[in-house]
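Asker: requesting a structural model of the entry that follows:
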Amino acid sequence: MPSIMVVTHTANGGDAEVFLAERLMTVQLDDAHYAAQLVERLKWAGEDAERKTAIRQPQMAPPRPNP
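Answerer: Residues are numbered from 1 along each chain as shown. Purely as a prediction, here's the structure:
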């Protein structure tokens, strides 16, 4: 059965964290209510993964303009 996963990207080869793992049958997408809920869960998982990766990565200073 197909599945959808939202995981963090690990550039250094570390363990990826899973924020959503869901099995999917394409017939489920014919139901507008189910499809809308799936998109909402994808959004939440994406936001959680973005927050997690932002915490891990040091903030880079913006580039300075050349005089």
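
Asker: who's in contact with the helix or strand that contains A54?
Answerer: Assigned by DSSP states H and E, A54 belongs to helix 32-56. For helix 32-56, the surrounding residues in contact (Cβ atoms under 8 Å, 6 or more residues apart in numbering) are 4, 6-9, 17, 19-20, 22, 24, 28-29. C-betas here are computed from N, CA, C, even on glycine.

Asker: one more time with 7 Å, if that's ok
Answerer: Contact with helix 32-56 is made by 6, 8-9, 17, 19-20, 28-29, as judged by Cβ atoms under 7 Å, 6 or more residues apart in numbering.

Asker: of the residues you listed, select the buried ones using a ChimeraX command.
Answerer: To isolate the buried members of the contacts of helix 32-56 in ChimeraX, using 16 or more other Cβ atoms under 10 Å:
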select :6,8,19,20
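
Asker: among the contacts of helix 32-56, which pair sits farthest apart?
Answerer: Spanning the widest gap among the contacts of helix 32-56 are H9 and Q28, at 27.1 Å by Cβ to Cβ.

Asker: okay, now the closest residue to L29 other than its chain neighbours: neighbour count?
Answerer: Closest residue to L29 apart from its sequence neighbours, by Cβ to Cβ, 6 or more residues apart in numbering: A35 at 5.1 Å. Neighbours of A35 under the rule other Cβ atoms under 10 Å: 12.

Asker: now V18. Its backbone dihedrals?
Answerer: phi -100, psi 130 (degrees, to the nearest 10).

Asker: any idea what it is bridged to?
Answerer: V7 (DSSP bridges).

Asker: so it is in contact with V7, correct?
Answerer: Yes - with contact defined as Cβ atoms under 7 Å, V18 reaches V7; the gap is 5.2 Å.

Asker: from T26, how far out is the residue sitting nearest the centre point of the chain?
Answerer: Geometric centre of the chain, nearest residue: G46, 3.1 Å, by Cα atoms, centre = their mean. G46 sits 21 Å away from T26, going by Cβ to Cβ, to the nearest Å.

Asker: give me the nearest residue to M5, chain neighbours excluded.
Answerer: Using Cβ to Cβ, 6+ apart and skipping residues adjacent in sequence, the residue nearest M5 is A21, 5.0 Å away.
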